[in-house]
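Trainee: attaching a predicted model along with its sequence, questions to come.
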Amino acid sequence: MNYRITLNNFLRSLLLLLFLFEAANGLAQTKRVWLDELDLSKAEQAAGGAVARKSMWNTPLSIAGQTFERGVGNHASGIIRVNLNGGSQRFHALVGLDDSPPEHERIKATAEFIIYADDKEIWRSGVMRAGEKARKVEVDLKKVKELKLCTDHAGDGIVGDRTDWADAWFEVSGVKPVTTSRKAEAEYILTPAVTSKPEINPPYIFGARPGNPVLITIPVSGKRPLKITAANLPSGLTLDTETGRIYGAASKAGKYDVEISAENKFGKDTKTITISIGETLALTPPMGWSSWNAFGSNITQEKIKNAAVAMAHSGLTQYGYTYINIDDGWQGKRGGKYNAIMPNEKFPDMKALVDSIHNLGLKAGIYSSPWVWTYAGFTGGSADMKDGKILKEEKRLGEYHFDSVDVKQFAEWGFDYLKYDWNPNDVEHTQIMTEALRNSGRDIVYSISNAAPQELAGEWARLTNLWRTTFDIHDSWYSLISIGFTQDSWQPFAGPGHWNDPDMLIVGNLGWNATPRKTHLTPNEQYLHISLWSLLAAPMIVGCDLTALDAFTFNLLANREVIAIDQDIAGIQGHRVSADTKKNIEIWARPLADGSLAVGLFNMAETEQEISVKWSDLNINGNQMVRDLWRQADMGVFESGFSGKVPFHGCVFIKISKAKR
């Protein structure tokens, strides 16, 4: 008998039994943890918050007719970060687009599901469409510390496709997974300090109609006091040399090149500006402030006046910010000599408020809607009865419309800007208001909102000065990129006097109807935000609480070279040059009036990346000077392209011009 063989067999059997015992013991200790059991308040997405066991519209989770009891509904784009601490074995889910949207939305909806383990992509669904059967997810999580469950809108232009992580659970053998928030990022200022020497800043062109009142405040930075002079002003206009404000009315149509000089004890600056007297207003995208993102409908006359004072005292007026816009929440009942909408008790003297705004060299904006009842539940521009009575307070068009009398009242108060808000925007009611504003005797910039149908973009360009291309923006990374990077198809419709509006800036202290708090965007994301909006020739309407304007936000908003891109007189909206969906990289460019190009290198990935652009991609050649717009510094001459490190969720914003020999 071979004892050695017998002993070896015994040892092998013993080891096998030990292995089976440990495996069985491990299986016995694993448990199933459902994704919908975790804290979903930390999920980030394009709109709203992730919902447990229901779709984003609180309907049962349903993908291609299949209903699920467990799972999470969210909006694409979005992300759910999960800390696993190496305690999970695998993740299972069935993913797809929810059946809840109405048919006209569902036929367009697309999304893609992507999973990252410790920042490495481990699973991708590919682009999915509404009505498509759910796709199975089964990924190994052994030794994984952090999982990122991402949804992308797949470039369909829809902000907030409804997506489902259905039947989603973790097999856990150790520490239970927990959702996490992004790590905090320190603020950093790139904009150089303002010089004491005067600098005349953009915009350099202004539009006004013949015979209508004019108020132009020339944006000049530099140490006060300073003296501002103008040569070749149109007849009927005068300049206040201390404030730089141009007043009056010009009766003769034409384009007037006016030489502006600004001088103090530190130096002098001279620029030529154009005053165009004709039919076109908003020759560059409007710049200013609106009350909604800071206060929602919780506004008062005092808050609006304080915002105007803060705008002037902060120095933002020295960089072209002009409008102080009252959003939804000012309206009371109809009355007065026109039977127009009267202010509610929060606005005791609207005329005095507008006058105080004008006395600061600023312009005033107001809000209305053709509905009987606005989004925030206030009196709108139509009614059920001829006298203005509303029988049922709801968001709908009434039988009788009061556009002309409301505009008479707006003009009498002295307003310069109107945001007209309803959905879906239609040509009939847009045009009625266009005509009322044109006949008001004032230059009132006309903005319609929201989510204007793109198929009618030519009509919006004909009838309005700006139109919202999207639903409301929120201060989340995914809201920002879902809106900002889906504007390319709108590009042909933008130009002087008519602008695509991707909504207000979400920087600074925001709050909507709650107490304002710091934006949820990181500093990197805020630099990307302002850079992209400048490339898009977007209106620069600030939404933050101006009375709490901090140094970082001011420098973000007051970079004269970045503003010059947004306010470029050629008025050509930028376009996408290239996109790499695998690396989450986009490159955009905008041709400028001086023949140069503004270019943005955008990194939407979670880690820093090197991004390169070739001159051939930009249809240019030869030696090119590259200038860092945020730092206002030349980076050197480059022969065939440019490459730079771009921070995660950040950008490099450059100006490229032919190098001088």
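Mentor: Sure thing, it's come through.
Trainee: how close does the closest residue to residue 60 other than its chain neighbours sit to residue 59?
Mentor: Excluding the flanking residues, the one nearest residue 60 by Cβ to Cβ, 6 or more residues apart in numbering is residue 67, at 5.2 Å. No exception for glycine: its C-beta is placed from N, CA and C like everyone else's. To residue 59, residue 67 is 10 Å away according to Cβ to Cβ, to the nearest Å.
Trainee: those two: who's more crowded?
Mentor: Neighbours were counted for residue 67 and for residue 59 using other Cβ atoms under 10 Å; residue 59 has more, 15 against 11.
Trainee: quick one: low-confidence parts of this structure?
Mentor: Along the chain, the model assigns pLDDT under 70 to residues 1-28, 157-160.
Trainee: how about the helices of it, start to end?
Mentor: For the chain, the helices defined by DSSP state H occupy 3-29, 103-106, 292-295, 301-314, 350-358, 403-413, 427-438, 457-463, 477-484, 523-535, 551-557, 560-566.
Trainee: can you tell which of these is closest to residue 580?
Mentor: Closest to residue 580 of those is helix 477-484 (Cβ to Cβ; 14.4 Å).
Trainee: how about JSON lines for the helices of the chain, with mean neighbour count and distance to residue 515 added?
Mentor: Listed next are the helices of the chain as JSON lines, based on neighbours: other Cβ atoms under 10 Å; distance: least, Cβ to Cβ, whole Å:
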{"stretch": "helix 3-29", "mean neighbour count": "10", "distance to residue 515": "46"}
{"stretch": "helix 103-106", "mean neighbour count": "11", "distance to residue 515": "34"}
{"stretch": "helix 292-295", "mean neighbour count": "26", "distance to residue 515": "10"}
{"stretch": "helix 301-314", "mean neighbour count": "19", "distance to residue 515": "13"}
{"stretch": "helix 350-358", "mean neighbour count": "19", "distance to residue 515": "23"}
{"stretch": "helix 403-413", "mean neighbour count": "21", "distance to residue 515": "29"}
{"stretch": "helix 427-438", "mean neighbour count": "18", "distance to residue 515": "34"}
{"stretch": "helix 457-463", "mean neighbour count": "18", "distance to residue 515": "35"}
{"stretch": "helix 477-484", "mean neighbour count": "26", "distance to residue 515": "21"}
{"stretch": "helix 523-535", "mean neighbour count": "24", "distance to residue 515": "21"}
{"stretch": "helix 551-557", "mean neighbour count": "19", "distance to residue 515": "17"}
{"stretch": "helix 560-566", "mean neighbour count": "23", "distance to residue 515": "30"}
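Trainee: TSV for those, including distance to residue 584?
Mentor: Listed next are these as TSV, based on distance: least, Cβ to Cβ, whole Å:
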stretch	distance to residue 584
helix 3-29	37
helix 103-106	26
helix 292-295	27
helix 301-314	35
helix 350-358	43
helix 403-413	45
helix 427-438	37
helix 457-463	28
helix 477-484	9
helix 523-535	12
helix 551-557	23
helix 560-566	23
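Trainee: just so I know, which of these lies nearest residue 279?
Mentor: helix 427-438 (8.6 Å).
Trainee: so what's the residue nearest to residue 60 bridging to?
Mentor: residue 62 (DSSP bridges).
Trainee: distance check, it against residue 377.
Mentor: Separation of residue 67 from residue 377 (Cβ to Cβ) stands at 34 Å.
Trainee: about what we covered before: so which of the helices of the chain gets nearest residue 604?
Mentor: Across the helices of the chain, residue 604 has its closest neighbour in helix 477-484 (5.9 Å, Cβ to Cβ).
Trainee: what helices or strands is that closest one leaning on?
Mentor: strand 44-45, helix 523-535 (3 or more Cβ pairs under 8 Å, 6 or more residues apart in numbering; DSSP states H and E).
Trainee: what's the angle from it to helix 523-535?
Mentor: Counting by axes from the mean of the first three to the mean of the last three Cα atoms, to 10 degrees, helix 477-484 lies at 10 degrees to helix 523-535.
Trainee: residues near residue 165, how many?
Mentor: 26.
Trainee: what sits closest to it if chain neighbours are left out?
Mentor: residue 72 (4.6 Å).
Trainee: what residues does the one you found make contact with?
Mentor: Residues in contact with residue 72 (Cβ atoms under 8 Å, 6 or more residues apart in numbering) are 35-36, 40, 43, 50-53, 80, 164-165, 168.
Trainee: switch the cut-off to 6 Å
Mentor: Residue 72 makes contact with 35-36, 50, 165, according to Cβ atoms under 6 Å, 6 or more residues apart in numbering.
Trainee: thinking again about what came up before, could I get the helices and strands packed on helix 477-484 as CSV with distance to residue 600?
Mentor: Output for the helices and strands packed on helix 477-484, formatted as CSV (distance: least, Cβ to Cβ, whole Å):
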stretch, distance to residue 600
strand 44-45, 22
helix 523-535, 5
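Trainee: which stretch among these comes nearest residue 30?
Mentor: strand 44-45 (29.4 Å).
Trainee: parallel or antiparallel, which strands does that closest one pair with?
Mentor: Within its sheet, strand 44-45 is paired with strand 78-83 (antiparallel), according to DSSP bridges.
Trainee: what's the neighbour count on the closest residue to residue 270 other than its chain neighbours?
Mentor: In space, and not counting its chain neighbours, residue 270 is closest to residue 261: 4.8 Å by Cβ to Cβ, 6+ apart. The local packing of residue 261 (other Cβ under 10 Å) involves 17 other residues.
Trainee: great, nothing more from me.
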